[in-house]
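# need a 3D model of the sequence below.
(chains A, B and C)
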Amino acid sequence: MGFFNIMDMSVDQIVLQLTGITKTFGKLVANENISLYLRAGEILALLGENGAGKTTLMNILFGHYVADSGHIEVFGEPLTPGSPNAALTHGVGMVHQHFTLADNMTVLDNITLGTEPLFAIKRGSRAARKKIQSLVDRFGLEVDSKALVKHLSVGERQRVEILKALYRDSRILILDEPTAVLTPQESENLFVTLKLLAEQGLAVIFISHKLKEVIGASDRCCVLRHGRVVFESKTSETSAEKLARAMVGGDIPQTSKVVQEVGPEIFRLQNVSISGQDGTTYLNDIDLSLYQGEILGIAGVAGNGQAHLADLVSGMISPGSGQLFLAGKQLKKITPAAMVAHGVGRIPQDRTTTGLVGDMTIEENMVLENYKQKNYSSFGLLRFNNLRKRALDLIAQFDIRCPGPKATTRQLSGGNMQKLILARVLAENPKIILACQPTWGLDVGAATFVHNQLLAAKKRGAAVLLVSEDLDELLGIADRIHVIYHGRLTPAVSPEATDVSALGLAMSGHADVIAKRLPRSIPKDSQEQAGEVAQ
Amino acid sequence: MRIEARENVSWLAKLAAPAVAAIIAMAVCAILILWTGASPVEAYSLLFSGALGSKFAVSETLTRATPLIFTGLAAALAFRAKLWNIGAEGQLYLGACMATWLGTGMFDLPALVMVPLLFLAGALAGGVLLLGPTLLKTKLGVDEVVTTLLLNFIVILFVNWLVFGPWKDPMAMGWPQAAPVIDSAVLGQILSKTRLHWGFAIALFFAILSWVLVRFTSWGYEIRAVGLNQHASRFAGIPVDKVVVRTALISGGLAGFAGVSELCGLRGYLTLDLSPGFGYSGIVVAMLAALHPLGVVLSALFVAVISIGADSMSRSLNISNYISEVATAISLLAVLASMFFSHYKIRWR
Amino acid sequence: MDILTLLFETGFWIAIVRMATPLIFGTLGELICERAGVLNLGIEGIMAAGCMSGWMWVYLGGDLWTGVLFAAFIGAVFGLLHALFTVYWGLSQHVTGLGITMLASALSSFVFRMMLPKATTPPKIVPFQPLDIPVLSDIPFVGEVLFSQSPLTLLALVTIVLVSYIIYRTPLGLALCMTGENPMAVESQGLSVFAIRTCAVMIGSALMAVGGAFLTLSAFDAYYIGMVNGRGWICIALVVFSSWKPGKALLGAMLFAAFDALQMRVQQQSVSIVPYQFYLMMPYIFSIVALIVMSRKASYPKALLIPFRHGER
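Down below sits the predicted model:
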């Protein structure tokens, strides 16, 4: 579609108007009477915690959902609801949070899908490649159109997603949490690109919960909380603190990080390497030591090997080479059951697919790892009374909001599911805890709860391995931080000796910038208050 | 259109699904009966009286339900672990073969020893037959639906060869059948002057046993967990492959029981038409029962009623008894759809 | 009997291509369904339904080609039913497929018995006669094997070329493949996953039914219950064997037909140590072997068996 001529538009023209958008899912009110506008050449940041309703709103705009009430006008024309095709035709393009790309097909395939008449006799591949190349040259989004998507890095995949929208002559670009999977440096590059697009007359909305980048990259910002617009202003006229307060609706709960004496080494990876069947190296000669009474953080962008590291410590995979040592003894058999027996508590990255059996009850999920213990089964028969009692105890102790122990787990909110997993893990007093993205998708309250539980475990003397893509989380509660890049670990640093940009550089491979290695225990006298988790 | 999961599925809704399915099946078949020119009312009354209208009719229905209970249990247990055992037909026949091999004169033991021995041997044959496709699934990721199905054809050809070839009974006057099982292997009648045999009681016993297994034991817990979320089960330390293999042995064994039961209780000798598709009907029985072992007994009775009733109906009216297969197939699709509607709401955009 | 001499015999190859025809249609039909992300286990029943309905149409006075169309129509109807359950309602593709197979088979048997109750030997029709294409069928060997076959066989070969071209060279084919790889990608480019999947399943089922109709309208001239005899299941294995590629599907179908033809020859030789039942087992055994062999390399459509639900993110 090329009928939007930049010359015809004045810079201040309103290109997008949402009025009174309301959307409920059953009892949950996701969006309530939201009104927004957007001008040409403007970058609007849509802020809010997890669950505030930002993605829902953008999905309504793009046509994945239909609003219960309200209407949308694009370039002065009403937008047909519920049709991504209508949105695309009107010039609205979306870069989804979870990339909508087919791994087994080429970049060209993914970009040209749906752009040609369905019953055409031929595909116009040559013309398409030319147009893609011109977009690449114009906006610096380097990518090879013949490559298969599965061979691309995360940053490259995002470029394909953006190219998809630009190829369709989008004049309004929506980006849903675009920096969630990027290093700080890649994020900066993205924002440079967005500014370039805005200068050419595109209007941009991006969703984020990271305040620092919002301040730097947007012209205006709008905060959602519990489905309503609670704050809106020009970015230059506000501050990160005001925005954070608006997002949370009050004071931000604090985690108290205590510095303590570190105990003996309890877990060690030595020369560990893992490769795939096709020869790709996931972990490359890793050495890692975990000590009692500390939280060791692993920072890194997805796809650098942390998933395999987590799988290894969980017992799901075995190393191709290298050894694991637990309290000095080498681990010969690496299976999930063996890890559980050795006292390793594992909080998996994905609650619903890996952590819980959604269609089983809460009390059944509570004993998923230890139903064979004498307490819970004897002679093969389950002891239901004990199951019930355990569930009730843990529900009370961890304040899990649920209809009762016999409710199915599927009904629980994300935060309560995470509490269930925490309860299951922490009730066994594990010596070692693996926490993988433990606060992903949680609101500030739930995230703080998780952090406090991990800190309490550390206080009891447990060793916590915290794998996270959230640098603020790591800087907030970890005692030492490794960065993982292409399957290798940088030397550990303490959060005091580094910062987001240094870690960011390490995450994109410039490990020489990271601070010098620190001694094992950090002799400090004072407590330290961690920064705002909301960022 | 959007689909929203209902938060709480009530007991009543869960029971409604198979009931609604049965009604839909009856309704569609009524249309078919109309097409043939007969009266649905007359046809259905003949069907019910033929299946339940006299002591003999009821005994026939229960006799017909016996193998269906076994194959229904086989399917129900396997499906709970998301092991799609479509090979119950072959496992049934192999169980019957095993019983024929051991029970037609190889040795003679008192009935109290002989019968359990034959059942055990039949179960072993059925279980081992399912083991192949199961190991292919756990080790190589080969879809077990097709492999178990193809094995059915292979086993039936095997039986064909046995019955026309080395096991052909010279005393059978040319009919392709094997020698009859010896007296101590025969399952006696429960009701005199009927064909209802002790296999029915054995089937009921195993239905109760299966229910206890699924509901109260740690084995049952493992089967359910693995079936509902294999990845989470593996992560939690449940030995997923072991559980699936164990389930396969039990499921194949139950289907093998069906073969032994039919052989030693009803027919007495191995023939090609020992099973008119009990293995496949077992799948419908299991789905109608929502995979509940006790429910299997009820749905097996339902399918048996339709089957026996249709036979009787076809003798009086000129309606092919294939209508029972049509009814069974529609019940399967209808119960699938009804389970959906009771678990989900459709929201129109 | 020397296998080598057999390989040089034109008659053997003619038989192979002829017997491959229903497998070609069935495999292509299933391939289209699976490329869109839907496993269609109704194939065995749909082939039976196509088999019976095509024959019945001609028996009642219709002509052969409209009989083929009618069979295709019946196939598409069952395909629509399958799509309603699996695409629209997102129900289990395994159970739905088995239900459709049971229903289609049972209905075919029922309708057949009701229309012809007294037949002990099935009544016959006049099937398709082998074509004699003017110039092409005079080519030695190739001419006889490819161009002197039944029109339906030629149609099968043409369909392979057509489906191949559509999948690899047209926007429609791209949309089809994408639907099986990542439905969300399709939806976010403004296309309808439901529409694409439903059409794919209907067209695939129509092809399957034509494959069934070949048995009664061309290969043989009468219908009997149980005629399809597992060919549908073999096609499912063949789709995996062919890595979802139409060209390889042709190869697979020919390979299996070759085993079938070989087995028939051996039976005819009468003097054989191995009982004929074991030869009849061969296609099924080889299907299992094919599945095992391909399981290592299988790069199946990523979204296969996963129902697409709007707004479940």
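
# once you drop chain neighbours, what's closest to B:Ile202?
Nearest residue to B:Ile202 in three dimensions, chain neighbours excluded: B:Ser261, at 6.7 Å (C-beta to C-beta, 6 or more residues apart in numbering or on different chains). In this view, the C-beta of every residue, glycine as well, is placed from N, C-alpha and C.

# mind listing what that neighbour touches?
B:Thr66, B:Pro67, B:Phe70, B:Phe119, B:Leu187, B:His197, B:Gly199, B:Ile202, B:Ala203 (C-beta atoms under 8 Å, 6 or more residues apart in numbering or on different chains).

# isn't the third one up against B:Phe257?
Just to be clear, that refers to B:Phe70. Yes. Counting by C-beta atoms under 8 Å, B:Phe70 does reach B:Phe257; the two are 4.8 Å apart.

# higher neighbour count, the two?
Neighbours per residue, other C-beta atoms under 10 Å in any protein chain shown: of B:Phe70 and B:Phe257, the larger number sits with B:Phe70, 36 against 30.

# state the distance from the more buried one to chain A.
Computed as C-beta to the nearest C-beta, to the nearest Å, the B:Phe70 to chain A distance reads 23 Å.

# ok, that residue - contacts?
Per C-beta under 8 Å, 6+ apart, neighbours of B:Phe70: B:Leu92, B:Ala203, B:Phe206, B:Leu254, B:Ala255, B:Phe257, B:Ala258, B:Ser261, B:Gly282.

# host element of it?
helix B:55-80 (DSSP states H and E).

# same check on A:Gly70?
Going by DSSP H and E, A:Gly70 is in strand A:69-74.

# and the pLDDT for A:Pro519?
With respect to pLDDT, A:Pro519 scores 36.

# next one: A:Ala515
On the pLDDT scale, A:Ala515 is placed at 47.

# list just the nearest of the contacts of B:Phe70 to A:Thr89.
Comparing those against A:Thr89 with C-beta to C-beta picks out B:Gly282 as the nearest, at 52.3 Å.

# for that closest one, helix, strand, or coil?
In three-state terms, and counting by DSSP: H, G, I helix; E, B strand; the rest coil, B:Gly282 is helix.

# give the contact list for it.
Taking C-beta under 8 Å, 6+ apart, we find B:Gly282 in contact with B:Leu68, B:Phe70, B:Thr71, B:Gly72, B:Ala74, B:Ala75, B:Ala88, B:Ala255, B:Ala258.

# ok, the nearest residue to the first one once chain neighbours are set aside - contacts?
When the adjacent residues along the chain are set aside, B:Leu68 lies closest to B:Ala300, with 3.9 Å between them (C-beta to C-beta, 6+ apart). Remark: with contacts taken as C-beta under 8 Å, 6+ apart, B:Ala300 is in contact with B:Ala65, B:Leu68, B:Ile69, B:Gly72, B:Val285.

# wasn't B:Ala300 part of a helix?
Yes. Membership of B:Ala300 in a helix is supported by three-state DSSP.

# tell me the spacing between it and A:Lys164.
For B:Ala300, the distance to A:Lys164 (C-beta to C-beta, to the nearest Å) stands at 54 Å.

# before we move on, back to that, please, which helix or strand holds the residue nearest to B:Ile202?
helix B:240-261.

# flag the shaky bits of the chain, pLDDT-wise.
Just going to use chain A. Along chain A, the parts satisfying pLDDT under 70 run over A:1-11, A:511-535.

# switch to chain C, that's the one I care about
C:1-4, C:119-120, C:137, C:269-272, C:298, C:311-313.

# which bits of it sit near chain A?
Residues of chain C lying close to chain A by C-beta under 8 Å from any C-beta of the partner chain are C:169-172, C:174-175, C:177-178, C:181-182, C:184-191, C:299, C:302, C:310-311, C:313.

# which residues does the closest residue to chain B within the stretch 201-350 of chain A contact?
For the stretch 201-350 of chain A and chain B, the shortest gap (C-beta to the nearest C-beta) falls at A:Ala337, measuring 3.5 Å. By C-beta under 8 Å, 6+ apart, the contact set of A:Ala337 is A:Gly315, B:Gly237, B:Ile238, B:Pro239.

# and which of these is nearest A:Gln373?
B:Gly237 (11.8 Å).

# rewinding a little: nearest to chain C among the contacts of B:Ser261?
Of all the contacts of B:Ser261, B:Pro67 has the smallest distance to chain C: 17.3 Å, by C-beta to the nearest C-beta.

# and the closest one, how many residues sit next to it?
For B:Pro67, using other C-beta under 10 Å, the count is 32.

# strands along the stretch 201-350 of chain A, start to end?
Using DSSP state E, counting those that start in this stretch, the strands of the stretch 201-350 of chain A run over residues A:203-208, A:220-225, A:228-234, A:256-257, A:265-275, A:281-291, A:294-299, A:321-326, A:329-330, A:344-347.

# could you name whichever residue is most remote from the centre of chain A?
In chain A, A:Phe379 marks the outermost C-alpha relative to the chain mean, sitting 43.6 Å out by C-alpha atoms, centre = their mean.

# gap between that residue and chain B?
For A:Phe379, the distance to chain B - C-beta to the nearest C-beta - is 9 Å.

# torsion angles phi and psi at that residue?
phi 50, psi 30 (degrees, to the nearest 10).

# picking up where we left off before, which of the contacts of B:Phe70 lies closest to chain A?
Checking the contacts of B:Phe70 against chain A with C-beta to the nearest C-beta, the nearest one is B:Phe206 at 17.2 Å.

# pLDDT at the closest residue to the closest one other than its chain neighbours, what is it?
Spatial nearest neighbour of B:Phe206, excluding adjacent residues (C-beta to C-beta, 6+ apart): B:Leu73 at 6.3 Å. At B:Leu73, the pLDDT value in this model is 98.

# the one 5 residues further on too?
B:Ala78 carries a pLDDT score of 97 in this model.

# pull the number of nearby residues for it.
32.

# now for it: which residues touch it?
Listed by C-beta under 8 Å, 6+ apart, the contact set of B:Ala78 reads B:Trp84, B:Asn85, B:Leu130, B:Thr247, B:Ala248, B:Ser251.

# what strand or helix carries the residue lying closest to A:Lys23 once chain neighbours are set aside?
Distance criterion C-beta to C-beta, 6+ apart; nearest residue to A:Lys23, sequence neighbours excluded, is A:Asn31 at 4.3 Å. If you go by DSSP H and E, A:Asn31 is part of strand A:28-39.

# partner strands of that strand, with direction?
strand A:14-25 (antiparallel) (DSSP bridges).

# got the buried residues for the partner strand?
Neighbour counts over strand A:14-25 (16 or more other C-beta atoms under 10 Å in any protein chain shown) mark A:Val15, A:Leu16, A:Gln17, A:Leu18, A:Ile21, A:Thr22, A:Lys23 as buried.

# now do stretch A:164-176
A:Lys164, A:Ala165, A:Leu166, A:Tyr167, A:Arg168, A:Ser170, A:Arg171, A:Ile172, A:Leu173, A:Ile174, A:Leu175, A:Asp176.

# the longest helix belonging to chain C near chain B anywhere?
The longest helix of chain C (DSSP state H) is helix C:10-35. No. For a cut-off given as C-beta under 8 Å from any C-beta, helix C:10-35 has no contacts with chain B; the smallest distance is 11.0 Å.

# that helix packs against which elements?
Secondary-structure packing of helix C:10-35 (3 or more C-beta pairs under 8 Å, 6 or more residues apart in numbering or on different chains; DSSP states H and E): helix C:43-59, helix C:142-147, helix C:151-169, helix C:171-181, helix C:193-214, helix C:231-241, helix C:246-268.
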